[in-house]
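Undergrad: Mind folding the following:
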Amino acid sequence: MKLSFDRIVKALLIFAPIAVLIRLSNGDPVLIFIFAALGVIPLADLIGEATEELAVHTGPKIGGLLNATLGNAAELIITVFALQRGLVDLVKASIVGSILGNLLLVLGLSLLLGGLKNGLQKFDSRTAGLNATLLVLAVMALAIPSLFDVAILDNKAAELGLSEGVAVLMIVLYVLSVIYSFTHKKAEGAEGELPRESAVHHEAKWSVRTSAIVLVLSTLGVVVMSEVLVGAVEAVTVTLGLTEFFIGIIIIPLVGNVAEHLVAVQVAIKNKMELSLAVSLGSSLQIALFVAPVLVFISLLLGGETLLLVFNSFELIALVAATLVAAFIALDGESNWLEGAMLLAVYLMIALAFFYLPGAGGTPH
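TA: Below is the predicted model of the structure:
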């Protein structure tokens, strides 16, 4: 199954040059957006594969550090280009959408398919519980600037200072969690909490040089595709009647993380539920504690509109609900297919609600 998935994902590479050619010929923006999105998928997968191969050569500590920093590289690059174009709403929506996608869609599919194939699945509740607790804290950190923003709305310096301060603390917490994952694994022999770290248990098929070349080229490919993709967003919103918000919360997270999503589902089907949880929860943690705060400082460097960690009430409610549900599932150390079906149902409800928000497509209410 993995081989067939890999072949399908790699075959999508053909869409990358097609997107560039259509862009150069000033073709249909909708086609440009679709082909660029499809082109990002295999490039993101290659970044993950090259990182995984490097981790085999460098050992678990350096490999874990690579995973911790490059796990969501594709989505980070896409959002940087979005910030450069002033699409701040899209960036904030993609942060929320990534967390929701991992906690509801990916975890839901993993529990559903894994449960249907293997019945009741068990995992280490301590590791999953720690990640779930970190995730609850991360969502609290994202909520604090949003909740207090009403009181300091007229003070731009205070708004920026609050977001910057929270961002620094979130990055510190993320670094501490990475350090703990190394020491915890060494002391107790537990599986690492990082998304891909636990999956690195195979013989290297690429040399260090080949892995580094693939990593650099695939990253450059993502940079090009991201510029093409983001450049077509504004035209797509007009043509299809969708808002930047809907594209950011549903489409961008799927494009940037679909390869890693497949990994989580595949290992769940193989009855490796602990690793599947490490992928879904770990990727959510990386987005919340690392990508989101880093984007605050990147927006300052770009000099355009500053990204503040201020989210609307719809985003906050969805984040809190998804995090609490995922935490409850992780704490008991076992899962079944019904829990997966419930998570998927919630994700579809949220996607439908965001679609029908005024101006987000469909008929406003």
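Undergrad: Where does the prediction get shaky in the stretch 201-350 of the chain?
TA: 201-204, 259 (pLDDT under 70).
Undergrad: All the helices of it, residue numbers only.
TA: Secondary structure of the stretch 201-350 of the chain (DSSP state H, counting those that start in this stretch): helices located at 208-231, 233-240, 244-246, 252-269, 273-286, 292-302, 313-331, 337-355.
Undergrad: so which of these comes closest to residue 129?
TA: Evaluated with Cβ to Cβ, the helices of the stretch 201-350 of the chain place helix 313-331 nearest to residue 129, the distance being 5.3 Å. Heads up, the C-betas are built off the backbone N, CA and C, glycines and all.
Undergrad: Residues contacting the closest one, please?
TA: 92-93, 96, 99-100, 103-104, 107, 111, 125, 128-129, 131-133, 135-136, 139, 142-143, 146, 249, 277, 280-281, 284, 311, 335, 339, 342-343, 346, 350, 353-354, 357 (Cβ atoms under 8 Å, 6 or more residues apart in numbering).
Undergrad: Can I have the buried ones of the residues you listed as a PyMOL selection?
TA: Burial among the contacts of helix 313-331 is assessed by 16 or more other Cβ atoms under 10 Å; the matching PyMOL selection reads:
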select buried, resi 92+93+96+99+100+103+104+107+111+128+131+132+135+139+142+143+146+249+277+280+281+284+311+335+339+342+343+346+350+354+357
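Undergrad: buried sites along stretch 295-312?
TA: Neighbour counts over stretch 295-312 (16+ other Cβ under 10 Å) mark 295-299, 306-311 as buried.
Undergrad: Give the buried residues for whichever helix or strand residue 44 is part of.
TA: Element membership for residue 44 (DSSP states H and E) is helix 29-58. Residues of helix 29-58 classed as buried: 29, 32-56, 58 (neighbour count, 16+ other Cβ under 10 Å).
Undergrad: mean confidence score for that helix?
TA: The average pLDDT within helix 29-58 is 84.
Undergrad: Ok, which of the helices of the stretch 201-350 of the chain comes nearest residue 12?
TA: Closest among the helices of the stretch 201-350 of the chain, using Cβ to Cβ: helix 252-269, at 9.6 Å.
Undergrad: Between helix 208-231 and the closest one, find me the angle.
TA: Helix 252-269 runs at 130 degrees relative to helix 208-231, counting by axes from the mean of the first three to the mean of the last three Cα atoms, to 10 degrees.
Undergrad: Give the other helices and strands that helix 252-269 contacts.
TA: When contacts are defined as 3 or more Cβ pairs under 8 Å, 6 or more residues apart in numbering; DSSP states H and E, helix 252-269 sits against helix 2-11, helix 29-58, helix 73-84, helix 88-100, helix 107-118, helix 273-286.
Undergrad: just the angle between that helix and helix 233-240, please?
TA: Going by the same axes, to 10 degrees, helix 252-269 makes 90 degrees with helix 233-240.
Undergrad: Determine how far helix 252-269 lies from the middle of the whole chain.
TA: The chain centre lies 9 Å from the centre of helix 252-269; the measure is Cα atoms, centre = their mean, to the nearest Å.
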